[in-house]
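>>> quick one, structure for this:
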Amino acid sequence: MPSLKNIYPRNFLIPLALLTAVILLILGLVLPVMTLKQLAFWKNTFSVLTGIQSLFVEKHCILAGIILLFSVIFPIFKASWANGRC
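Okay, the predicted model is just below:
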């Protein structure tokens, strides 16, 4: 099966789109997803990675593993596989 690089040899948009996808994935994993406020002085902010870490700490290992697999490992694997095919 020919790669995208062989099909479109001079198209710079495909590697640019993959780079953008990786950058957005990293930002999506580290930036806050949810903020919990209680009263005026107490606030908790969670990102995907801190949520996974909290689940592991609280011994919800199966749920943390599923979220880790589908939110972190699978997208990284998919991006690296697509990059290899470019």
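>>> name the residues that touch stretch 40-58?
Stretch 40-58 is contacted from outside by 28-37, 61, 63-64, 67-68, 71-72, using CB atoms under 8 Å, 6 or more residues apart in numbering. C-beta coordinates here come from the backbone N, C-alpha and C atoms, glycine included.
>>> quick one: terminal-to-terminal distance for it?
End-to-end distance for stretch 40-58, by CA to CA, to the nearest Å: 26 Å.
>>> any idea where the strands of the protein begin and end?
With DSSP state E as the criterion, the chain has strands at 34-38, 42-46.
>>> partners of the last one, with directions?
Right, strand 42-46. Partners of strand 42-46 in the sheet, by DSSP bridges, are strand 34-38 (antiparallel).
>>> for the partner strand, the averaged confidence score.
Strand 34-38 carries an average pLDDT of 80.
>>> that one: how far from the chain's middle?
22 Å (CA atoms, centre = their mean, to the nearest Å).
>>> for stretch 25-35, same thing?
Relative to the centre of its chain, stretch 25-35 is centred 9 Å away, using CA atoms, centre = their mean.
>>> swap in stretch 57-74?
Between the centre of stretch 57-74 and the centre of its chain there are 13 Å (CA atoms, centre = their mean).
>>> what comes up buried for that stretch?
Ala64, Ile67, Leu68, Ser71 (16 or more other CB atoms under 10 Å).
>>> noted, bye for now.
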